[in-house]
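>>> Sequence first, then the predicted structure:
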Amino acid sequence: MPNRPAVLRKEFVFEEYQILEARLAGADTVLLIVKMLDQASLTRLYEYSRSLGMEPLVEVQNVEEMEVAVKLGAKVIGVNNRNLTTFDVDMETTTRLMKMVPQDTILCALSGISGPQDVKAYRENGVGAVLVGEALMRAKDTARFITELLGGGEEVVETRKEKKKLLVKICGTRSAKAAKYAVEAGADMIGMILVTGRKRCVSTSTAREISRVVHGTPKPSSSSSSSSSAASARTSQPPTKATSYFEHTTAHHLQHPFRALLVGIFQDQPLDYVLEQQRLLDLDLVQLHGSEPLEWATLIPVPVIPSFQPSGSASLEIGTRGYHSIPLLDSGAGGTGEKLAVEGVKEVLIRDEGLRIMLAGGLNADNVSEVVSGLGEMRARVVGVDVSSGVEGKDGEQDLEKIRAFVETAKRL
Ligand SMILES: O=C(O)c1ccccc1NCC(=O)[C@H](O)[C@H](O)COP(=O)(O)O
């Protein structure tokens, strides 16, 4: 579930059919209420849910039910503060039962949360999550209320107006040496071509070496400070602000505070192959450079970057939220060095003012500044730049100095 918030089917679940239905509808998990299920049914439904890749939220209300949930091995347990027999709400119920919960279990407080004071108290006590229903429905301004619950202040939706450092992706990487060099030069993403038959396609053994290097090489400290929200996303600091869709995905999916991310590039290959390579090479992101369906993003367990051409009809899907993490606007079929037309980029951005993109297509250290600044005010909506041919020498091999020059130039924009 890397591309969106988790979806819970919060229901009276009493048979497998409902769990399957939830999975098919795109839910990530289901609620199992200990009070309404006998031990055999609870165990059966719990196992069934897990067999579909969904760790259920197991709801309890008292000591006896908590014992059942813990014995079951539930990894996410919710304590209902509302007594379902009397309907009385006692906010201490969660806190009283929490000592029974093993360390690695996420404890959620359910029901009765009316404002930030409740969340603050739970957070201080080590409660891992809260479930808010009625208060959210009653709130006049839902976004502000959620921000307040998270402990945030005045600003409700953080949208990027000011210029931030561009993320840089070095694509077409063919050796562990070039990958290491690019990371140490400050690149945020290292792309390798996994499209069989293409000249830049890497063998499995090289891809494994590149993967090892990208996962093991720390970023230079200066570039890790390019986004404070990215850093907080990867540390224990909980977020305190609601963010727009693309702001969130940029901060959470496209950068890591300590190392670069590894991107595998695919083009019109079977989904099974993409999934297998993602696992085998421990890819952090998958770039789909052909006419793969948008929905694949829900089946690939890491964030997806799809490629669009400004003029192509598929570019209508470019701004669809909830699937890909960030779209790549590229001039052509990928790695061609063909220059992207700035006017085409502007047309795409004008159609959807919330859209954020990465740019590719014939970029190099000499022209990236002109292309990016040519977008005028729309520059703030470009989160990153991607290069392949532009960091290659005449012999077609990656040129380490060109990589450095590209990263340094792009990071200054
Ligand atoms: O580079 C390839 O051989 C390639 C093959 C099939 C699909 C995508 C491919 N490359 C993608 C990229 O290198 C970048 O995402 C981008 O297209 C950069 O292009 P450019 O800087 O114009 O070479």
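Sure thing, it's come through. Residues are numbered from 1 along each chain as shown.
>>> going forward, measure contacts and count neighbours with C-alpha atoms only.
OK.
>>> and the residue nearest to Ser291 when sequence neighbours are not counted, how far is that from Val202?
Of all residues not flanking Ser291 in the chain, Asp268 sits nearest, at 6.3 Å (Cα to Cα, 6 or more residues apart in numbering). Per Cα to Cα, to the nearest Å, Asp268 is found 17 Å from Val202.
>>> higher neighbour count, these two?
For Asp268 against Val202, the residue with the higher neighbour count under other Cα atoms under 10 Å is Val202, and the figures read 21 against 13.
>>> Was I right to think Val119 contacts Leu131?
No. Using Cα atoms under 8 Å, Val119 is not in contact with Leu131; the gap is 9.8 Å.
>>> higher neighbour count, the two?
Counting neighbours by other Cα under 10 Å for Val119 and for Leu131 shows that Val119 has the greater number, 22 against 15.
>>> where do the contact lists of Val119 and Leu131 overlap?
Listed contacts common to Val119 and Leu131 are Ile113; contacts here mean Cα atoms under 8 Å, 6 or more residues apart in numbering.
>>> Surely the residue nearest to Ser291 is in a helix?
No. When the secondary structure is assigned by DSSP: H, G, I helix; E, B strand; the rest coil, Asp268 falls in coil instead of a helix.
>>> can you give me the strands in the stretch 1-150 of the chain?
According to DSSP state E, counting those that start in this stretch, the stretch 1-150 of the chain carries its strands in the segments 8-9, 29-33, 57-60, 76-80, 106-110, 129-131.
>>> Could you dump those into JSON lines with distance to the ligand added?
Written out in JSON lines, the entries for the strands of the stretch 1-150 of the chain read as follows (distance: least, Cα to the nearest ligand atom, whole Å):
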{"stretch": "strand 8-9", "distance to the ligand": "35"}
{"stretch": "strand 29-33", "distance to the ligand": "34"}
{"stretch": "strand 57-60", "distance to the ligand": "39"}
{"stretch": "strand 76-80", "distance to the ligand": "39"}
{"stretch": "strand 106-110", "distance to the ligand": "39"}
{"stretch": "strand 129-131", "distance to the ligand": "38"}
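>>> Now mean pLDDT too, for the ones you listed, in TSV please.
TSV is the format used below for the strands of the stretch 1-150 of the chain (pLDDT from 0 to 100):
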stretch	mean pLDDT
strand 8-9	95
strand 29-33	97
strand 57-60	97
strand 76-80	95
strand 106-110	93
strand 129-131	91
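>>> closest to Val371 out of these?
Nearest to Val371 among those is strand 8-9; the distance by Cα to Cα comes to 43.2 Å.
>>> Listing partners with orientation, what would you give for the closest one?
Partner strands for strand 8-9, per DSSP bridges, with pairing direction: strand 29-33 (parallel).
>>> which residues touch the strand it pairs with?
Around strand 29-33, the neighbours that count as contacts under Cα under 8 Å, 6+ apart are 6-14, 19, 22-23, 42, 45-46, 49, 54-60.
>>> now that strand against strand 76-80, angle please.
For the pair strand 29-33 and strand 76-80, the angle between their directions (axes from the mean of the first three to the mean of the last three Cα atoms, to 10 degrees) equals 50 degrees.
>>> Flag every residue of the stretch 201-350 of the chain that's near the ligand.
Contact residues, the stretch 201-350 of the chain versus the ligand (Cα under 6 Å from any ligand atom): Gln267, His289, Asp330, Gly334, Gly335, Thr336, Gly337, Glu338.
>>> and the second one, what does it touch?
If you count contacts by Cα under 8 Å, 6+ apart, His289 has them with Ile265, Phe266, Gln267, Asp268, Pro306, Ser307, Phe308, Ala333, Gly334.
>>> Retrieve the pLDDT associated with it.
Note on His289: pLDDT of 94.
>>> Low-confidence ranges, the stretch 301-413 of the chain, go.
Where the stretch 301-413 of the chain drops to pLDDT under 70, the residues are 312-315.
>>> where exactly do the helices run in it?
Remark: helices assigned in the stretch 301-413 of the chain by DSSP state H, counting those that start in this stretch are 342-351, 368-373, 400-412.
>>> Which one, of these, ends up nearest to Ser211?
The closest of the helices of the stretch 301-413 of the chain to Ser211 is helix 400-412. By Cα to Cα, the value is 18.4 Å.
>>> Packed most tightly, which of the helices of the stretch 301-413 of the chain would that be?
helix 400-412 (a mean of 20; mean count of other Cα atoms under 10 Å).
>>> what does that one contact?
165-168, 170, 178, 181-182, 185-187, 364-365, 368-369, 385, 390-392.
>>> Keeping just the C-alphas, turn that helix into PDB.
The C-alpha trace of helix 400-412 is given here as PDB (Å, rounded to 0.1, in the frame of the first residue of the first chain):
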ATOM      1  CA  LEU A 400      31.400  10.300 -14.300                       C
ATOM      2  CA  GLU A 401      32.200  14.000 -14.700                       C
ATOM      3  CA  LYS A 402      29.000  14.600 -16.600                       C
ATOM      4  CA  ILE A 403      27.100  12.900 -13.800                       C
ATOM      5  CA  ARG A 404      28.700  15.200 -11.300                       C
ATOM      6  CA  ALA A 405      28.100  18.300 -13.400                       C
ATOM      7  CA  PHE A 406      24.400  17.400 -13.900                       C
ATOM      8  CA  VAL A 407      23.700  16.800 -10.300                       C
ATOM      9  CA  GLU A 408      25.500  20.000  -9.200                       C
ATOM     10  CA  THR A 409      23.700  22.100 -11.800                       C
ATOM     11  CA  ALA A 410      20.300  20.700 -11.100                       C
ATOM     12  CA  LYS A 411      20.700  21.100  -7.300                       C
ATOM     13  CA  ARG A 412      21.500  24.700  -7.700                       C
END
